[in-house]
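> predicted coordinates and the sequence they were generated for:
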Amino acid sequence: MNPPTRLLPMQDSQFDILQWYPQFQSCVRFFLDHAQYEASVQAMAAFINIRLPFQKSQSPVTSSRPPGSPSTIPSPSLTAAPAGKFAIPSQACLPISLTPYIRRLVATGFDFPGMLHGFFGDDWASGIGNLHEEERRNYLFAAKASNWLHVKSQYDMPDGQSIPFLRPLQNATEEEIVGAEKNWSQWLAMQDWMIGPRNPEDIPPIIKDENV
């Protein structure tokens, strides 16, 4: 259910952004060219009160293709590879951000694998899996740092797209909580300027002299 640790750029120095990026592009194209036209995705977007790209009143995005392309409405025969994978041109443009949709799914508790697959396609784990894990951690941090009303305001969006409800982080694992605790401790250390040469991990322990 969770992407491999090697996909988490905040935790793995071996994360290869150039290998990750085509998978991310695949998720964007699947979302724009296929998912946003599915009745199930439209129903979920309406329920959690977020507009899909083609529904925006200003500058709607109906396809991953640049304006002026031969076809505005995507055709599966032209855009789709088998089973939810989309071909990626080497110079593909990304007209939207997927982050607002990931954030809204996390905060409403609908970020389970089946839903992420429906929104972002077969490449979701490798394409947006690391972003999903970071947004789950950000949600934990937001809850720890402030009260419910302030957290809700951070997940509201303009043009009437306020989040209808918040749910506690769903299906949290012990590993995920421990990782969040470690990163939260690092954040608190930075608030006290305990970074660089003052990083507590770099300060040798104080050894008590039993003869004193």
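Thanks, I have the structure now.
> what's the end-to-end length of stretch 41-60?
17 Å (C-alpha to C-alpha, to the nearest Å).
> chain center to it, what's the gap?
Remark: stretch 41-60 is offset 17 Å from the chain centroid, using C-alpha atoms, centre = their mean, to the nearest Å.
> could you look up the SS state of R167?
coil (DSSP: H, G, I helix; E, B strand; the rest coil).
> the one 4 residues further on now?
In terms of secondary structure, N171 is coil; the call rests on three-state DSSP.
> cool, Q19 as well?
Q19 ends up helix, using three-state DSSP.
> helices or strands next to the helix or strand that N130 is a member of in the packing?
Assigning secondary structure by DSSP states H and E places N130 in helix 129-145. Counting contacts by 3 or more C-beta pairs under 8 Å, 6 or more residues apart in numbering; DSSP states H and E, helix 129-145 packs against helix 99-107, helix 148-155, helix 174-191. The way it works is simple: take the backbone N, C-alpha and C, and place the C-beta from them, glycine included.
> state the mean pLDDT of the first one.
For helix 99-107, the mean pLDDT works out to 98.
> okay, it in PDB with CA atoms only?
C-alpha atoms of helix 99-107 as PDB (Å, rounded to 0.1, in the frame of the first residue of the first chain):
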ATOM      1  CA  THR A  99      -0.400  18.800  -5.200                       C
ATOM      2  CA  PRO A 100      -3.900  20.400  -4.500                       C
ATOM      3  CA  TYR A 101      -5.600  17.100  -5.300                       C
ATOM      4  CA  ILE A 102      -3.200  15.000  -3.300                       C
ATOM      5  CA  ARG A 103      -3.600  17.400  -0.300                       C
ATOM      6  CA  ARG A 104      -7.400  17.300  -0.500                       C
ATOM      7  CA  LEU A 105      -7.500  13.500  -0.700                       C
ATOM      8  CA  VAL A 106      -5.100  13.200   2.300                       C
ATOM      9  CA  ALA A 107      -7.000  15.700   4.500                       C
END
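> packing partners for it?
If contacts are counted by 3+ C-beta pairs under 8 Å, 6+ apart, helix 99-107 sits against helix 113-120, helix 129-145, helix 148-155.
> which helices and strands sit right next to whichever helix or strand comes after the first one?
I take that to be helix 113-120. Using DSSP H and E, the next helix or strand after helix 113-120 towards the C-terminus is helix 124-127. Helices and strands touching helix 124-127, by 3+ C-beta pairs under 8 Å, 6+ apart, are helix 17-33, helix 113-120.
> may I see these organised as JSON lines, with distance to S162 and mean neighbour count added?
Formatted as JSON lines, the helices and strands packed on helix 124-127 follow (distance: least, C-beta to C-beta, whole Å; neighbours: other C-beta atoms under 10 Å):
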{"stretch": "helix 17-33", "distance to S162": "22", "mean neighbour count": "20"}
{"stretch": "helix 113-120", "distance to S162": "20", "mean neighbour count": "19"}
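> got CSV for these, with mean pLDDT too?
CSV is the format used below for the helices and strands packed on helix 124-127 (pLDDT from 0 to 100):
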stretch, mean pLDDT
helix 17-33, 95
helix 113-120, 98
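> relative to L131, which of these is closest?
helix 17-33 (8.1 Å; C-beta to C-beta).
> can you state the direction angle for that closest one and helix 129-145?
With axes from the mean of the first three to the mean of the last three C-alpha atoms, to 10 degrees defining the directions, helix 17-33 sits at 90 degrees from helix 129-145.
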